[in-house]
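Chemist: Quick one: sequence plus predicted model below, questions after.
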Amino acid sequence: MKNTFGSAVSLTIFGESHGPAVGAVLDGLAAGLPVDADFLARQMDRRRARGDGLSTARTEPDEVEFLSGVLDGHTTGTPVTMLLRNTNTRSGDYAKTAALLRPGHADYTAFAKYEGFQDARGGGHFSGRITAAAVAAGALCELTLRGLGVRVYTHIAACAGVQDAPLSSAAGLVLPEPEPGHFALLDPAREAPMQAAIRAAGAEGDSVGGILETVITGVPAGVGEPWFDSVESELAHLLFAMPAVKGIEFGAGFALADWRGSRANDAFRMRGGQIVTATNHNGGVNGGIANGMPIVFRTAVKPTPSIYRTQDTVDYTARADAELKIKGRHDPCIVPRAAVVQNSLAAFGILDLLSVRYGTLAQKHGLPRPEAE
């Protein structure tokens, strides 16, 4: 029963969807790091539902309370405990169908693991509500990374069959900050057709998924601990912890399986006195270790399992086949809100890897950078 992850920096997630609160404990941050309340609020707002037909009607203020580890706008060096109170729960929506296993959800597996003692209301500890705590913790990690010249950026590469502009078209990797209330896209013109496709699925009582793409710049070559704490291992571990993620690929990913080595290899070149690669098919990682190029990966996010169509299931109390038609408040698509969750978990993972490599004090005093010759 493991809810803690990390080596030099560790993250513990706690809470249930319809409990009093959800929260996180972030340990391993250096003392004296600035905590930007405005940035934290913006990140929480990116995950927040708006009840606009594109996401759940369950809206929460998601105001982060610091119980420890932060004083006068700076970290103290002790564990940072963050709390987000649940203020808009409706457990009654689930009471009549409590014994019916929701297809695609963790209802059955949670029952099998916790022997019926799990808090099943609204999905309990397996609800997407828990990701609010991950965003709060990840925002602090991202703030620290920005101070070190490391940038983490996630956009919706595809949603409901609608593609965003490819990452390569972002000239010089100048990535736009997502606007409040808007999708994280390289091409804002793609938002309207994405929204239309999401609304169409929701109108039919159905749901859609998509692909999230993240690029991380500024990570020095040499970061990563093979075998089991490699850059890819740590990020994949974290991203598969995110609800609804069913696949991940780095760089060209699965396309590499169809290429020859002469195409897949990234040739090394000298640029401005630095060693770089002419292409980035391997996504900034060789042998599990960062090579100094942008780290690029994509995740596949499945359609939201909570749909309003009648589905076949099992009544686990009666031990009999049954039909389920759910009630409650659910997202027809979680991809737009999940972008900041992926960003946050990636920021935490990279900060942990950097802190393993360079030590906790490097969070405050900077990373060693090779000098151009």
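Modeler: Good, I have the coordinates. All of these numbers come straight from a predicted model, not from anything done at the bench.

Chemist: show me what contacts the closest residue to residue 132 other than its chain neighbours?
Modeler: Using Cβ to Cβ, 6 or more residues apart in numbering and skipping residues adjacent in sequence, the residue nearest residue 132 is residue 84, 5.1 Å away. Every residue, glycine included, has its C-beta placed from N, CA and C. By Cβ atoms under 8 Å, 6 or more residues apart in numbering, the contact list for residue 84 reads 15, 21-23, 60, 62-65, 132-133, 136.

Chemist: swap in residue 335?
Modeler: Residue 335 touches 156, 159, 208-210, 212, 301, counting by Cβ under 8 Å, 6+ apart.

Chemist: Can you pick out the most distant pair from those?
Modeler: For those, the farthest-apart pair by Cβ to Cβ is 208 and 212; their separation is 13.5 Å.

Chemist: Those two: who's more crowded?
Modeler: Each of residue 208 and residue 212 has its neighbours counted (other Cβ atoms under 10 Å); residue 212 has more, 28 against 23.

Chemist: That one touches residue 167, doesn't it?
Modeler: No. Applying Cβ atoms under 8 Å as the test, residue 212 and residue 167 come out as separate, 11.7 Å apart.

Chemist: what is in contact with those two at once?
Modeler: 155, 157.

Chemist: Three-state assignment for the nearest residue to residue 14 once chain neighbours are set aside, please.
Modeler: Excluding its sequence neighbours, the residue lying closest to residue 14 (Cβ to Cβ, 6+ apart) is residue 23, at 5.6 Å. Put simply, residue 23 is strand when judged by DSSP: H, G, I helix; E, B strand; the rest coil.

Chemist: Give me the distance between residue 23 and residue 132.
Modeler: 9 Å (Cβ to Cβ, to the nearest Å).

Chemist: When these two are compared, which one has more neighbours?
Modeler: Neighbour tally, residue 23 and residue 132, criterion other Cβ under 10 Å: the higher count belongs to residue 132, 26 against 22.

Chemist: Residue 62 is in contact with the more buried one, correct?
Modeler: Yes. Contact criterion Cβ under 8 Å: residue 132 and residue 62 qualify, at 5.6 Å.

Chemist: anything in contact with each of those two?
Modeler: Joint contacts of residue 132 and residue 62 (Cβ under 8 Å, 6+ apart) are 44, 47, 84.

Chemist: Surely the first one forms part of a helix?
Modeler: Yes. Residue 44 sits within a helix when classified using three-state DSSP.

Chemist: Which residue lies closest in space to it, excluding its sequence neighbours?
Modeler: For residue 44, ignoring the flanking residues on the chain, the nearest one in space by Cβ to Cβ, 6+ apart is residue 62 at 4.5 Å.

Chemist: Same check on residue 280?
Modeler: If the residues on either side of it in the chain are set aside, residue 280 comes closest to residue 293, at 5.1 Å by Cβ to Cβ, 6+ apart.

Chemist: lowest-confidence helix or strand of the chain?
Modeler: Ranked by mean pLDDT, DSSP states H and E, the weakest helix or strand in the chain is helix 92-95, scoring a mean of 64.

Chemist: got the buried residues for the longest helix that the chain contains?
Modeler: The longest helix of the chain (DSSP state H) is helix 335-358. Within helix 335-358, the residues scored as buried using 16 or more other Cβ atoms under 10 Å are 335-358.

Chemist: One more: stretch 363-373?
Modeler: Buried, per 16+ other Cβ under 10 Å, within stretch 363-373: 363-364, 367.

Chemist: So which of the residues you listed are in strands?
Modeler: In strands, defined here by DSSP state E, there are no members of these.

Chemist: just curious, which of the residues you listed is nearest to residue 275?
Modeler: Checking those against residue 275 with Cβ to Cβ, the nearest one is residue 367 at 16.9 Å.
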